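Trainee: Sequence below, structure please.
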Amino acid sequence: MSAFPRVIPVLLVSDGYLVKPVKFHGDKYIGDPINAVRIFNEKQVDELVICDIDSSVKGAGVNYSLIEEIASEAFMPVGYGGGVSSAAEAQRITGIGIEKVILNSAAFNRPEAIGEISAALGSSSTVVSVDAKKRLTGGWDTYSQRGKKKLGMTPAEAARLAQEHGAGEIIVSAIDRESTFSGYDLKLVTAVSEAVTVPVIALGGASGYADFAPALEAGASAVAAGSMFVLNGKHRAVLITYPTPDQIRALKS
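Mentor: Here you go, the predicted model:
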């Protein structure tokens, strides 16, 4: 286990470009993902997640050329999600140099795929993303297909299902907090963290470093963010940032 909390930038890619949606809608063009990886190298990021958000929705499959470019540039461990549905695909991805494979649609369309990939790669390299949206009546629904398909289970149930089938880590993403800079959904983080024994990564809504500690206190093992690491100011200008080692160490205290 890391001596300090894991702080993970999440880059979203569509049609080969770096984008940033809001609440899973309206992709804002950010730039070249490879250039972003190079900047994060310079900032000595410990871990990075890259998701091709249209692979499953459009049925395009895994973007191996993008993965090869990323693996050749990244100096840090990288997790990749987007269109992965089989152990063979997962092994090809890790063979290129990616450390973790992230599942969403495939994990819930055919949960057995989680076990097959976990058996091939090991549970620590098998991650499932649980995308949740708050209900008006309370609680949350879980979705796949980029928030388009309701799964008929709570995020806690989805996380337990993923763990039972072999996932070694869960990303819990608050759809209605994405790119809102309104802070993590701490109750959601707690609900999922209490449902499983594997590490949980909180994602969705971070506005600044002050949001990290409450998410960790709510039960997350790590914190992730997209917009706050690539956008800046009220006009959301593109500016890639990352906390200093001292700022990360301070989260431990």
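Trainee: Check whether A106 really touches A113, as I assumed.
Mentor: Yes - A106 is within contact range of A113, at 4.9 Å (criterion: CB atoms under 8 Å). (Each C-beta comes from the backbone N, C-alpha and C, glycine too.)
Trainee: what touches both of those two?
Mentor: The contact sets of A106 and A113 overlap at S85, S86 (CB atoms under 8 Å, 6 or more residues apart in numbering).
Trainee: all strands for this protein, in order.
Mentor: Secondary structure of the chain (DSSP state E): strands located at 6-14, 17-22, 25-31, 48-52, 78-81, 100-103, 126-134, 140-144, 149-150, 169-174, 200-203, 222-225, 231-232, 237-238.
Trainee: Out of these, the one nearest A250 is which?
Mentor: Counting by CB to CB, A250 lies closest to strand 6-14 out of the strands of the chain; the figure is 11.3 Å.
Trainee: ok and the closest one relative to strand 17-22, angle-wise?
Mentor: Here strand 6-14 runs at an angle of 110 degrees relative to strand 17-22 (axes from the mean of the first three to the mean of the last three CA atoms, to 10 degrees).
Trainee: Check which helices and strands strand 6-14 is in contact with.
Mentor: Contacts defined by 3 or more CB pairs under 8 Å, 6 or more residues apart in numbering; DSSP states H and E place strand 6-14 against strand 17-22, helix 33-42, strand 48-52, strand 200-203, strand 222-225, helix 227-230.
Trainee: rewinding a little: turn the strands of the chain into TSV, columns for mean neighbour count.
Mentor: Putting the strands of the chain into TSV (neighbours: other CB atoms under 10 Å) gives the following:
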stretch	mean neighbour count
strand 6-14	23
strand 17-22	18
strand 25-31	14
strand 48-52	24
strand 78-81	26
strand 100-103	25
strand 126-134	26
strand 140-144	22
strand 149-150	14
strand 169-174	28
strand 200-203	28
strand 222-225	24
strand 231-232	16
strand 237-238	12
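Trainee: Going by mean pLDDT, which of those comes out lowest?
Mentor: With a mean of 72, strand 25-31 has the lowest mean pLDDT of the strands of the chain.
Trainee: re the thing from before, in a markdown table, list the strands of the chain along with distance to E68.
Mentor: Shown next, in a markdown table, are the strands of the chain (distance: least, CB to CB, whole Å):
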| stretch | distance to E68 |
| --- | --- |
| strand 6-14 | 14 |
| strand 17-22 | 17 |
| strand 25-31 | 19 |
| strand 48-52 | 12 |
| strand 78-81 | 11 |
| strand 100-103 | 15 |
| strand 126-134 | 20 |
| strand 140-144 | 26 |
| strand 149-150 | 30 |
| strand 169-174 | 23 |
| strand 200-203 | 25 |
| strand 222-225 | 24 |
| strand 231-232 | 27 |
| strand 237-238 | 25 |
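Trainee: mind checking which of those is nearest V189?
Mentor: Closest among those, using CB to CB: strand 200-203, at 4.8 Å.
Trainee: follow-up on the earlier one: looking at the helices and strands packed on strand 6-14, which is nearest to A174?
Mentor: strand 200-203 (7.3 Å).
Trainee: Walk me through which strands that closest one pairs with, and which way each runs.
Mentor: strand 169-174 (parallel), strand 222-225 (parallel) (DSSP bridges).
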